[in-house]
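> sequence unknown, structure follows:
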């Protein structure tokens with residue numbers, strides 16, 4: 001339990017930074033959905049979908065490769081760091097140069113010929129974020145969670161403040177005074193371009209703060225080590241790319257597969273993307289857990305009780321994820337006000353996306369079998385199969401069911417990946433997970449959510465939020481009771 005508490009404390013630090021920072025960023029969702037139309041927000045969502053793919057490709061999986069090789073006895077940690085960092089630096093500078101060269105043609109092909117700044121801004125953001133990834137990985141490996149968290153929070157805070165400045169303050173300042181001090185550097189015609197600009201300036205700040213970490217380049221480039229790292233990491237690119245397909249492809253496809261006119265398609269894309277944001281609490285926890293768990297799993301793998309600890313971690317992980325699922329789903333009538341009225345028609349997909357993210361988190365836990373046994377290529381096959389399922393189901397269901405088809409495709413994909421990963425893990429790295437409890441908690445959460453709409457309201461005081469509170473309390477009480485029962489006794 002002491003080890004689990006240590007992991008929990010690390011997760012809490014990463015989580016608090018992510019929750020606080022992303023909560024600030026989350027506040028931009030009502031800002032965007034109240035100030036921009038669904039079609040305009042659809043443009044922002046489309047570019048973030050593209051950015052997800054390139055964020056994987058531009059790192060070549062070397063973030064995980066660095067974790068794997070930095071603790072090898074025959075390898076110096078500093079050399080492993082400089083080798084990964086130098087390669088990422090060269091690749092990303094070449095990428096940015098290429099985009100600058102073909103920007104006009106690329107913008108035209110995406111139907112944004114009048115706004116080439118969209119592509120240019122996002123390319124610069126991708127480059128700065130990729131260059132920051134290896135230094136951030138080093139901070140995580142050194143257990144400098146507070147430094148990591150502080151930089152992340154400042155980055156998001158700057159992005160939020162700049163968004164508020166450009167989208168809210170500047171228009172009002174010009175409306176009150178045509179000669180306001182903001183006039184020389186504010187153009188009302190740029191509109192959503194300021195969303196990208198705020199993100200770019202925040203990424204630039206993060207990069208500047210991390211510049212001291214680039215002094216590590218002096219340790220040089222080890223070609224032999226690089227080949228080993230790349231051989232290990234390239235399957236992680238496939239895994240990461242497949243993960244982005246599962247997470248982001250639906251938003252890229254909706255624009256082209258919805259059976260409406262282009263303007264309506266972008267509107268539907270904006271609605272779906274905004275509702276996707278309501279699953280942010282689940283995503284935040286999974287992200288925080290991943291930041292803390294990845295280096296922990298590698299470092300603890302040689303301990304005698306490693307597998308028992310991993311099993312307990314998954315059990316507690318599912319408990320908390322089901323709690324988040326119920327919190328958002330049961331109180332959706334409260335969370336809906338984070339979106340503009342035009343976007344609320346899509347709220348029905350939120351519980352589906354929450355459950356999809358829950359199974360994604362389970363898959364993250366289960367994926368240690370291929371990372372610890374160096375079978376990343378086999379792990380890539382699992383992710384690729386999930387990606388194929390995502391592509392096929394989206395192509396099939398989007399024309400029939402719209403963005404609801406995308407939500408269900410995401411859920412089915414992650415359930416499949418978790419199941420296959422569990423079965424392969426039993427063969428290559430068997431861990432005695434308590435499946436009875438895990439499946440019982442998930443079933444309980446789904447059952448409590450579905451029961452809300454069938455509970456009759458006989459008295460005036462039985463308002464929906466009271467029913468939701470009672471159901472959430474029931475879940476917590478059942479969890480406390482079940483967790484007090486020893487596993488062996490429960491399984492008999």
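Ah, there it is. Because the structure is a prediction, the values reported are computed rather than measured. Numbers count the residues shown, from 1 in each chain.

> hey, let's count contacts and neighbours off CA atoms from now on
Fine.

> which stretches of the stretch 1-150 of the chain form helices?
In the stretch 1-150 of the chain, helices defined by DSSP state H, counting those that start in this stretch lie at 2-26, 28-35, 38-57, 62-70, 77-109, 117-141, 145-164, listed in chain order.

> so what does the fourth one touch, helix or strand wise?
Under the contact criterion of 3 or more CA pairs under 8 Å, 6 or more residues apart in numbering; DSSP states H and E, the helices and strands touching helix 62-70 comprise helix 77-109, helix 117-141, helix 223-257, helix 280-300.

> Show me which residues of the longest one are buried.
Taking 16 or more other CA atoms under 10 Å as the basis for neighbour counts, the residues of helix 223-257 that come out buried are 225-226, 229-230, 232-257.

> again with the first one
Of all the residues in helix 77-109, those buried under the rule 16+ other CA under 10 Å are 77, 79-89, 91-92, 95-96, 99, 103-104, 106-107.

> Same question for the shortest one.
The neighbour-count criterion (16+ other CA under 10 Å) identifies 280-297 as the buried residues of helix 280-300.

> Helix or strand for the nearest residue to residue 431 once chain neighbours are set aside, just tell me which one.
Computed as CA to CA, 6 or more residues apart in numbering, the closest residue to residue 431 that is not its neighbour in sequence is residue 307, at 5.6 Å. Using DSSP states H and E, residue 307 sits in helix 306-330.

> just how off-centre is that helix within its chain?
Put simply, helix 306-330 sits 17 Å off its chain's centre (CA atoms, centre = their mean, to the nearest Å).

> Who are the packing partners of the following helix or strand past it?
Sequence-wise, the next helix or strand downstream of helix 306-330 (DSSP H and E) is helix 332-335. Helices and strands touching helix 332-335, by 3+ CA pairs under 8 Å, 6+ apart: there are none.

> could I get the helices of the stretch 1-150 of the chain as a markdown table with distance to residue 181 and mean pLDDT?
A markdown table is the format used below for the helices of the stretch 1-150 of the chain (distance: least, CA to CA, whole Å; pLDDT from 0 to 100):
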| stretch | distance to residue 181 | mean pLDDT |
| --- | --- | --- |
| helix 2-26 | 27 | 59 |
| helix 28-35 | 22 | 82 |
| helix 38-57 | 27 | 82 |
| helix 62-70 | 44 | 78 |
| helix 77-109 | 31 | 89 |
| helix 117-141 | 24 | 89 |
| helix 145-164 | 16 | 86 |
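
> Looking at the ones you listed, spot the one closest to residue 388.
Proximity of the helices of the stretch 1-150 of the chain to residue 388 was assessed by CA to CA; the nearest stretch is helix 38-57, lying at 15.4 Å.

> Report all helices and strands that that closest one contacts.
Contact partners of helix 38-57 among helices and strands, from 3+ CA pairs under 8 Å, 6+ apart: helix 117-141, helix 223-257, helix 262-276.

> As a markdown table, the helices and strands packed on helix 62-70 with distance to residue 448 would be great.
Shown next, in a markdown table, are the helices and strands packed on helix 62-70 (distance: least, CA to CA, whole Å):
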| stretch | distance to residue 448 |
| --- | --- |
| helix 77-109 | 47 |
| helix 117-141 | 38 |
| helix 223-257 | 26 |
| helix 280-300 | 18 |
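
> Stretch 397-416: which residues count as buried?
Of the residues in stretch 397-416, those with enough neighbours to count as buried (16+ other CA under 10 Å) are 397-399, 402-416.

> What average pLDDT does it get?
Averaging pLDDT along stretch 397-416 gives 93.

> In this structure, which residue is most central in space?
Closest to where the C-alpha atoms of the chain average out (CA atoms, centre = their mean) is residue 283, at 5.6 Å.

> from memory that residue sits against residue 357, does it?
Yes. Contact between residue 283 and residue 357 holds when scored by CA atoms under 8 Å: they sit 6.7 Å apart.

> about what we covered before: so for residue 197, which of the helices and strands packed on helix 38-57 sits nearest?
When those are ranked by distance to residue 197, counting by CA to CA, first place goes to helix 117-141 at 6.7 Å.

> Now do the buried residues in that closest one.
Residues of helix 117-141 classed as buried by neighbour count (16+ other CA under 10 Å): 117-141.

> swap in stretch 375-393?
Going through stretch 375-393 with 16+ other CA under 10 Å, the ones that come out buried are 376-380, 382-387, 389-391, 393.

> re the thing from before, show me what contacts the residue nearest to the centre of the chain?
Shown in contact with residue 283 (CA atoms under 8 Å, 6 or more residues apart in numbering): residue 357.

> Any idea which of the helices of the stretch 1-150 of the chain gets closest to residue 432?
Of all the helices of the stretch 1-150 of the chain, the one in closest proximity to residue 432, counting by CA to CA, is helix 2-26 (16.7 Å).

> any idea how far the residue nearest to residue 116 when sequence neighbours are not counted lies from residue 123?
Residue nearest to residue 116 in three dimensions, not counting chain neighbours: residue 107, with 5.4 Å by CA to CA, 6+ apart. Between residue 107 and residue 123 the computed distance is 12 Å (CA to CA, to the nearest Å).

> now do residue 352
For residue 352, the distance to residue 123 under the criterion CA to CA works out to 32 Å.

> Same question for residue 150.
Using CA to CA, one obtains 25 Å as the distance from residue 150 to residue 123.

> and what of residue 358?
Counting by CA to CA, the gap between residue 358 and residue 123 amounts to 31 Å.

> What of residue 85?
In terms of CA to CA, residue 85 sits 19 Å off from residue 123.

> now residue 295
As judged by CA to CA, residue 295 and residue 123 stand 29 Å apart.

> Likewise for residue 49?
Going from residue 49 to residue 123 by CA to CA gives 13 Å.

> coming back round to it: out of the buried residues of stretch 375-393, the closest to residue 478 would be?
Distances from residue 478 to these, taken by CA to CA, are shortest for residue 386, at 33.3 Å.

> correct me, but the closest one touches residue 244?
No. Counting by CA under 8 Å, residue 386 does not reach residue 244; the two are 10.8 Å apart.

> Which residue, other than its chain neighbours, is closest to residue 368?
Ranked by CA to CA, 6+ apart and with sequence neighbours excluded, the top spatial neighbour of residue 368 is residue 297, at 7.4 Å.

> Work out for me the element the residue nearest to residue 362 when sequence neighbours are not counted sits within.
Distances taken as CA to CA, 6+ apart place residue 418 nearest to residue 362, at 6.4 Å, with adjacent residues excluded. With elements delineated by DSSP H and E, residue 418 resides in helix 403-428, which encompasses its position.

> quick one: residue 363 from residue 455, how far?
When CA to CA is the yardstick, residue 363 and residue 455 sit 33 Å from each other.
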